[in-house]
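J.: quick one, structure for this:
(chains A and B)
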There are 2 protein chains.
Amino acid sequence: MTLKLHNFFRSSTSTRLRAALNLKGLNYDYIPYVLRTGETRTPEYLAKNPQGLVPTLEREDGTYLTQSLAIMEWLEETHPEPALLPADADGRARVRALSYMIALEIHPLNNLRVLFRLRDQFGADEEAQKEWFTHWVTITFDALEAELSASKDTGTYCHGDTPTMADCCLYAQVWNNKRFGVPLESWPVISRIYTELDKLPAFTKAAPPNQPDAA
Amino acid sequence: MTLKLHNFFRSSTSTRLRAALNLKGLNYDYIPYVLRTGETRTPEYLAKNPQGLVPTLEREDGTYLTQSLAIMEWLEETHPEPALLPADADGRARVRALSYMIALEIHPLNNLRVLFRLRDQFGADEEAQKEWFTHWVTITFDALEAELSASKDTGTYCHGDTPTMADCCLYAQVWNNKRFGVPLESWPVISRIYTELDKLPAFTKAAPPNQPDAA
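T.: Below is the predicted model of the structure:
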């Protein structure tokens, strides 16, 4: 199987999908794009992904899958082992909710095109962008920390002792936080889980600095 | 089964979940909250939902589910009929990707707390908020329209001739657009699908003006 991953080393959605592919033991060709210079806004790329976003997963039959969370669910359905979601409906609901806290309440507000928009519409400089970025990380990480601290389902990782979709999202978000130097100390459980994930080759192999297009 | 839906009539995430519950034929008690006055920021509500967001689904055993998309997946797993996702993995990936285009790339940027933040951090007035809101709707609806127009999988609704999770998200977003009067004319396929959905009782019953707390 030759999968092609159209992505960008620093993109958080790319990082979370790389971790999921690695956990599933799936190899892929790495196709890098530079977001700042508009390489995902070309007609050729838009034919693969009408939103002009990364990542896009190209399958061996030449068809494309978009939206990292949808691709992760597709991987789970087509390559069930090892599982990225628990077997029980309650556990699956918890792991998805944890994933969506990060993927819906932090990332969409803090990605590059949003920071560009803040600059263009409101004249937000680097400092104002950092304040915005840190605000959304903080309010959701506070809630995530509360949930992870209180739940008996939290284990070595977000849910039990095997990594799940939620861990892919958490690991990628912590990497993304480094862009603006958001310190992890306020969130000891998140910090502990990140440290545990960073011991696993599937995650370190997915980390931004370890990609071929890393600066 | 007595489900309790903690929600707000105008909330887009609440609307999409109400549509899903209605499609599944599940009854629920409607518990309204006023977001602007902080009714979801009380200690009592934060114990149900640490993010202080709506919706929260309270089950008959007194436990809570959060994040509308995670709840919809849970509904699908625990009450499979009628299905909100296709049976095949490719179709499921497409419906999830369409859902996430709206749920990740539009809604998180345009909800009330983000508009408040734009006002507080950048002094954005109603006009600037409208420009911001319309921008994110437009770029994603343009891509969604392109995808829906091009795909042979589009039917009466987003995917084939039965409503799916993607239609719940689309219907709620079109309602949300009315807040700032974003016209639908530029997107004829989205507009056609919305009109079809608006003929179904499961959707009209979920629409904001038809809720007990509607102003």
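
J.: in chain A, which spans are helices?
T.: Ranges of helices in chain A, per DSSP state H, are A:12-23, A:43-48, A:68-78, A:89-105, A:107-110, A:112-122, A:126-150, A:165-177, A:188-197, A:201-204.

J.: which intervals of chain A have sub-threshold pLDDT?
T.: A:1 (pLDDT under 70).

J.: for the spatially most central residue of chain A, what are its contacts?
T.: Geometric centre of chain A, nearest residue: residue A:16, 3.3 Å, by Cα atoms, centre = their mean. Applying Cβ atoms under 8 Å, 6 or more residues apart in numbering or on different chains, we find residue A:16 in contact with A:68, A:72, A:103, A:168-169, A:171-172, A:206. Every C-beta, even on glycine, is put in place using the N, C-alpha and C of the backbone.

J.: skipping adjacent residues, who's closest to residue A:59 in space?
T.: residue A:3 (6.4 Å; Cβ to Cβ, 6 or more residues apart in numbering or on different chains).

J.: again, but for residue A:65
T.: Leaving aside its chain neighbours, residue A:65 sits nearest to residue A:57 (4.5 Å; criterion: Cβ to Cβ, 6+ apart).

J.: where does the record place the domain boundaries for chain A?
T.: When chain A is parsed into structural domains using automatic domain parsing, the resulting residue ranges are A:3-80, A:89-203.

J.: in TSV: those domains, plus distance to residue B:110.
T.: Conversion of these to TSV gives the following (distance: least, Cβ to Cβ, whole Å):
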stretch	distance to residue B:110
domain A:3-80	16
domain A:89-203	10
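
J.: using the centroid of chain A, identify the residue furthest from it.
T.: residue A:123 (27.7 Å).

J.: which phi and psi does that residue have?
T.: Here is the backbone geometry of residue A:123 (degrees, to the nearest 10): phi 70, psi 30.

J.: so who does the nearest residue to residue A:55 once chain neighbours are set aside touch?
T.: Leaving aside its sequence neighbours, residue A:55 sits nearest to residue A:7 (Cβ to Cβ, 6+ apart; 4.1 Å). For residue A:7, the set of contacting residues under the criterion of Cβ under 8 Å, 6+ apart consists of A:14, A:17-18, A:30-33, A:54-56.

J.: and residue A:4, by the same measure?
T.: For residue A:4, the residues meeting the contact criterion (Cβ under 8 Å, 6+ apart) are A:28-29, A:31, A:57-58.

J.: apart from its neighbours in sequence, what residue is nearest it?
T.: What sits nearest to residue A:4 in space, not counting adjacent residues and going by Cβ to Cβ, 6+ apart, is residue A:58, at 3.9 Å.

J.: the one you found contacts residue A:64, doesn't it?
T.: Yes. The pair residue A:58 and residue A:64 qualifies as a contact (Cβ atoms under 8 Å) at a distance of 5.5 Å.

J.: between these two, point out the one with more neighbours.
T.: Neighbours of residue A:58 and residue A:64, each counted by other Cβ atoms under 10 Å in any protein chain shown, are more numerous for residue A:58; the result is 19 against 16.

J.: ok, the more buried one to chain B distance?
T.: As for residue A:58, its distance to chain B is 13 Å (criterion: Cβ to the nearest Cβ, to the nearest Å).

J.: residue A:101: how many residues sit nearby?
T.: Taking other Cβ under 10 Å as the definition, residue A:101 ends up with a neighbour count of 25.

J.: how close does it sit to chain B?
T.: To chain B, residue A:101 is 7 Å away according to Cβ to the nearest Cβ.

J.: contact partners for that residue?
T.: Contacts of residue A:101 (Cβ under 8 Å, 6+ apart): A:140, A:143-144, A:147, B:51, B:67.

J.: with residue A:30 instead?
T.: Applying Cβ under 8 Å, 6+ apart, we find residue A:30 in contact with A:5, A:7, A:211-213.

J.: that one bridge partners, please.
T.: In this structure, residue A:30 bridges to residue A:5 when assessed by DSSP bridges.

J.: what sits against residue A:186?
T.: In this structure, residue A:186 makes contact with A:138, A:141-142, A:145, judged by Cβ under 8 Å, 6+ apart.

J.: make JSON lines from these and add neighbour count to it.
T.: Supplementary listing: the contacts of residue A:186 in JSON lines, determined by neighbours: other Cβ atoms under 10 Å in any protein chain shown:
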{"residue": "A:138", "neighbour count": "14"}
{"residue": "A:141", "neighbour count": "26"}
{"residue": "A:142", "neighbour count": "15"}
{"residue": "A:145", "neighbour count": "17"}
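
J.: wait, residue A:182 sits on residue A:137?
T.: Yes. Under the criterion of Cβ under 8 Å, residue A:182 makes contact with residue A:137 at 5.4 Å.

J.: who has more neighbours, the two?
T.: When neighbours are counted by other Cβ under 10 Å, residue A:182 and residue A:137 differ, and residue A:137 comes out ahead with 24 against 18.

J.: still on that earlier bit, contact partners for the residue nearest to residue A:65?
T.: Residue A:57 touches A:3-6, A:17, A:28, A:64-66, A:71, counting by Cβ under 8 Å, 6+ apart.

J.: of all pairs in those, which one is the farthest apart?
T.: Across those, the two members that end up farthest from each other (Cβ to Cβ) are A:28 and A:66, 15.3 Å apart.

J.: those two: which is more packed in?
T.: For residue A:28 versus residue A:66, the count of surrounding residues by other Cβ under 10 Å is larger for residue A:66: 25 against 18.

J.: run through the bridge partners of that one.
T.: Residue A:66 forms beta bridges with residue A:56, as assigned by DSSP bridges.
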